[in-house]
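Colleague: 3D, please:
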Amino acid sequence: MKSLVKAVASSLGVEITRRRPAEPSAFEVQSRLIKRKDPVIFDVGACDGETSRIYRQLFPEATIHAFEPFPDSFAAMDRKFLGDKRHHRHQIALSDRAGNATLHSNIGAPTNSLLPTHALGEQYWGELVKTTATIKVQTERLDAFCSQSRVPRIDLLKLDTQGTELAVLRGAGTLFDPRYIAAVFTEILLVPVYEGQANFDEFVSLFYSRGYRLVDVTALIRINRELMQIDALFA
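Modeller: I've put the predicted structure just below:
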């Protein structure tokens, strides 16, 4: 969703709170947190691969697994990373169960979600979250994927799945533990955008129950002084 914010900010009256120049960016904080030269990074909800591109710049030797179920977005990402043998692209959606699910294709592709748009969604994001079609996509659990792909650890798990982030974490099973997933960088929606989306209380409770703490908060987006969403780093 980040790639669309600038385009709609003025028309919606959105205010984006940026860090002061002296403060590190979200990605700088992550680069300081991860000490390995060859970390394993999962980019879940990768869209067209823009965040994967940032991680590749920060960690040239990283192994990146990028997950994006929407065909057009996956194809755009695939073109960006042709020839990158350490960037593995998977046209599936991670969730809390394996099988198939309905993906809601919206006017703004970065807002696509396994969840239907909430009745109030357009009040905050305009027509970007208006659904124009639905498609069937494959889903997989994170723990099953790691077992099948022989991934022993995840140094950074990035989540931007438009309201289903907690479903991805529940699909990690016993791997959702700081010993196996060192850090999680996730978008958290604070206003109703999708039906059944996770709320802030659920995020905090789940992370702290698993031994994580809140390390950083960035990308505060407001409309009419109401906080709409944030990016949070747990480790």
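Colleague: Name the residues that touch the helix or strand where E28 lies?
Modeller: Assigned by DSSP states H and E, E28 belongs to helix 26-33. Helix 26-33 is contacted by residues 24, 54-55, 58-59, 156, 183, 185, 215-216, 218-219, 231, 233, 235 when judged by C-beta atoms under 8 Å, 6 or more residues apart in numbering. Backbone N, C-alpha and C define where each C-beta goes, glycine included.
Colleague: Starting from that helix, tell me the next helix or strand along the chain.
Modeller: Per DSSP H and E, the first helix or strand lying C-terminal to helix 26-33 is strand 40-44.
Colleague: ok now that next one, how far from the chain's centre?
Modeller: Put simply, strand 40-44 sits 10 Å off its chain's centre (C-alpha atoms, centre = their mean, to the nearest Å).
Colleague: Name the residues that touch the next helix or strand after it?
Modeller: Using DSSP H and E, the helix or strand that follows strand 40-44 towards the C-terminus is helix 50-58. Here helix 50-58 makes contact (C-beta under 8 Å, 6+ apart) with 3, 27, 30-31, 41, 43, 46, 62, 64, 66, 77, 80-81, 84, 87, 156, 158, 160.
Colleague: can I assume P178 is in contact with G211?
Modeller: Yes. In this structure, P178 is within contact of G211 by C-beta atoms under 8 Å, at 5.1 Å.
Colleague: residue closest to the middle of this structure?
Modeller: D160 (1.7 Å; C-alpha atoms, centre = their mean).
Colleague: what mean pLDDT does stretch 57-66 have?
Modeller: On average, the pLDDT along stretch 57-66 is 98.
Colleague: same thing with stretch 166-182?
Modeller: 98.
Colleague: So P178 and G211 - more neighbours on which side?
Modeller: Remark: of P178 and G211, P178 carries more neighbours, 15 against 11, as counted by other C-beta atoms under 10 Å.
Colleague: what's near enough to touch the more buried one?
Modeller: So P178 contacts R210, G211, Y212, A235 (C-beta under 8 Å, 6+ apart).
Colleague: what's the answer for D48, then?
Modeller: D48 touches S3, E68, S73, A76, M77, K80, A109, counting by C-beta under 8 Å, 6+ apart.
Colleague: Identify those among those residues that sit within strands.
Modeller: Judged by DSSP state E, strands contain none of those.
Colleague: Skipping its backbone neighbours, what lies nearest the residue nearest to the centre of the chain in space?
Modeller: G45 (4.0 Å; C-beta to C-beta, 6 or more residues apart in numbering).
Colleague: Show the model's pLDDT score for the one you found.
Modeller: Taking G45 on its own, its pLDDT is 98.
Colleague: hang on, it packs against A167?
Modeller: No. Between G45 and A167 there is no contact under C-beta under 8 Å: 11.6 Å.
Colleague: if we can go back for a sec, now the buried members of the contacts of helix 50-58.
Modeller: 30-31, 41, 43, 46, 62, 64, 66, 77, 80-81, 87, 156, 158, 160 (16 or more other C-beta atoms under 10 Å).
Colleague: can you give me the end-to-end distance of stretch 166-183?
Modeller: Using C-alpha to C-alpha, to the nearest Å, the end-to-end distance of stretch 166-183 comes out at 15 Å.
Colleague: just checking, what packs against the helix or strand where A133 lies?
Modeller: Element membership for A133 (DSSP H and E) is strand 131-141. Helices and strands touching strand 131-141, as assessed by 3 or more C-beta pairs under 8 Å, 6 or more residues apart in numbering; DSSP states H and E, comprise strand 93-95, strand 99-106.
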